[in-house]
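Visitor: Pasted the sequence and its predicted model underneath.
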Amino acid sequence: MAVQVHYDQDCKMSITGVECNCGCEHRVIDKDIYIGRGLIERIPGYIQRRGLGTHCVLVADDNTYRVAGEQVEKTLKAAGFDVVPCVIHRENDMLPDDLSCGEVLLSITRETEFLIAVGSGTVTDTTRINAERTHLPFVSVGTAPSMDGYASAVAPLLHRGLKIQRPAVCPEIIVCDLDVLATAPMHMIASGVGDVLGKYIAKADWQLGQIINGEPCCPVCVEMVTNAVNALVDNVDEIAQKTEKGMRILIEALLLAGVTIMIIDNTRAVASIEHNIAQYWEMILVQRGIEPPMHGASVGVSTLLVWPLFERFAKEDLSKLDLDAIRAKRISREKRERWMLHAYGEEGGRQIMRENPGDFLTWEEQERRIRTAQERFEEIKAVIAAMPPLEKIKQVMMTLNAEMTPEEEEIPEDLLRCSMHCGKDYRTRYTLFKLMDECGLLEDYLADYPYPFE
């Protein structure tokens, strides 16, 4: 049965057709997701129905408190809830870092029964990790369709300047009021679209992992993401005009991406090399004391950067690969360790290597991957051929006046060059960039991004 999305009279989303026997462990979707207009006033009823209690900490930043947080607080108090506001003040944008996480933690008391995040990515992730560590449920009230993390159970955080991923919890309740979302500035909406467009790359890399390594790939999650991103591309004019239809399509796409994380308990369907590059930009810029671009905007730009390499790889003749030459040029373990410390810093590089020991390949495993790619190259080409034309993706971003180049995002040239080479090393998750590297092609492909290292 095809995946279908339904809404009841209370604007609660339900999803049918998610059963399959793909080999991935599936989890039951047991969270309450609401999308509609005028939902802020209904939040007390949603919480009471879920039985979360009456004592909460409300987390917001200066902007999101003004947009919706104050209204949510007043609505809850009028309904008899005890609300402790934790409004995080920053001169620049709030970051999901050690300080923000600590501020939320210190706002939680023994009486706190649940947390409520009013914001988008940073506020939600900062609340999410605190909910996980304190074993408290939390509610997410979205203020902008700018990222896909509302329904996620993973918290991307900044710890000592390093971008880390930590298992956390999904909100018990997600409330997306379309009237509130439509007040988001266009650059935040474009950011959400950029985050969704990256799913084309994530999907292709996941299918590649199945072809090369026999990795389980859930067809239900692939279908959910594909349908969501296709609907977005087909309705970009509605999104640009901030119509009710456009806002619903965009937030549905972002939420359904998150639902796939709920189902299989990882981000495989929604994040790959395009996210690795964007996250690298963020962590290095923060380390340099520079405010990074919005996450989704960076994902959109990095998606445009890597897309042509997919198209180029589909035209390769892998039968001409010289395995002896590839083996002779293999990087040693010692040099790879030096490279990781150079690219990610001493602390970051060592942490990434600890968490991703599978990236130190033996020659036997590398040769197996190369030969598998040679034998199954028609399947790989079919995966890439299923991606829409790059020009169509560019047109979507142009319609929204989205940032499309690293220069527009003020990514320094040295950072751009390094990110194109080290993005593949951020995690063990299989990507086309890893395959290109294993086939001895990556340096040639990245000739426009020279980054000599010894």
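Guide: Looks like it arrived, so ask away. It should be emphasised that the depicted structure is a prediction, and the values quoted were computed from it without experimental measurement. Residues are numbered from 1 along each chain as shown.

Visitor: So if we follow the domain assignment, how does this structure break up?
Guide: For the chain, automatic domain parsing gives the domain ranges 4-184, 273-445.

Visitor: which residues sit in contact with P388?
Guide: Y200, V233 (C-beta atoms under 8 Å, 6 or more residues apart in numbering). In this view, the C-beta of every residue, glycine as well, is placed from N, C-alpha and C.

Visitor: To clarify, my last question referred to L256.
Guide: L256 touches V5, I15, M224, V225, N227, A228, counting by C-beta under 8 Å, 6+ apart.

Visitor: Paired strands for the helix or strand bottoming out on mean pLDDT in the chain, with orientation please.
Guide: None of the helices or strands of the chain scores lower by mean pLDDT, DSSP states H and E than strand 162-167, at a mean of 83. Applying DSSP bridges, strand 162-167 is found paired with strand 154-159 (antiparallel).

Visitor: what about the strand it pairs with, average pLDDT?
Guide: Computed over strand 154-159, the mean pLDDT rounds to 86.

Visitor: L106: neighbouring residues, count only.
Guide: 10 (other C-beta atoms under 10 Å).

Visitor: With the one 5 residues further on instead?
Guide: A count of nearby residues for E111, using other C-beta under 10 Å, gives 12.

Visitor: what about it, distance to G53?
Guide: Per C-beta to C-beta, to the nearest Å, E111 is found 9 Å from G53.

Visitor: For the residue with the largest distance to the centre of the chain, give me the pLDDT.
Guide: Going by C-alpha atoms, centre = their mean, the residue of the chain most distant from its centre is D324, 38.0 Å out. pLDDT for D324: 98.

Visitor: how close does it sit to E367?
Guide: D324 is 11 Å from E367, by C-beta to C-beta.

Visitor: Tell me which other helices or strands the helix or strand that contains R371 touches.
Guide: Assessed by DSSP states H and E, R371 sits inside helix 363-375. Counting contacts by 3 or more C-beta pairs under 8 Å, 6 or more residues apart in numbering; DSSP states H and E, helix 363-375 packs against helix 199-213, helix 323-328, helix 432-438.

Visitor: which residues touch the shortest one?
Guide: Translated: helix 323-328. W363, Q366, E367, I370, E438, C439, G440.

Visitor: in the chain, which spans are strands?
Guide: 4-7, 13-16, 32-36, 55-61, 82-88, 114-119, 138-142, 154-159, 162-167, 173-177 (DSSP state E).

Visitor: Turn those strands into JSON lines, columns for mean neighbour count and distance to L305.
Guide: Formatted as JSON lines, the strands of the chain follow (neighbours: other C-beta atoms under 10 Å; distance: least, C-beta to C-beta, whole Å):
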{"stretch": "strand 4-7", "mean neighbour count": "13", "distance to L305": "32"}
{"stretch": "strand 13-16", "mean neighbour count": "16", "distance to L305": "33"}
{"stretch": "strand 32-36", "mean neighbour count": "21", "distance to L305": "32"}
{"stretch": "strand 55-61", "mean neighbour count": "25", "distance to L305": "30"}
{"stretch": "strand 82-88", "mean neighbour count": "18", "distance to L305": "32"}
{"stretch": "strand 114-119", "mean neighbour count": "28", "distance to L305": "28"}
{"stretch": "strand 138-142", "mean neighbour count": "29", "distance to L305": "28"}
{"stretch": "strand 154-159", "mean neighbour count": "22", "distance to L305": "20"}
{"stretch": "strand 162-167", "mean neighbour count": "17", "distance to L305": "18"}
{"stretch": "strand 173-177", "mean neighbour count": "25", "distance to L305": "30"}
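
Visitor: Noted, bye for now.
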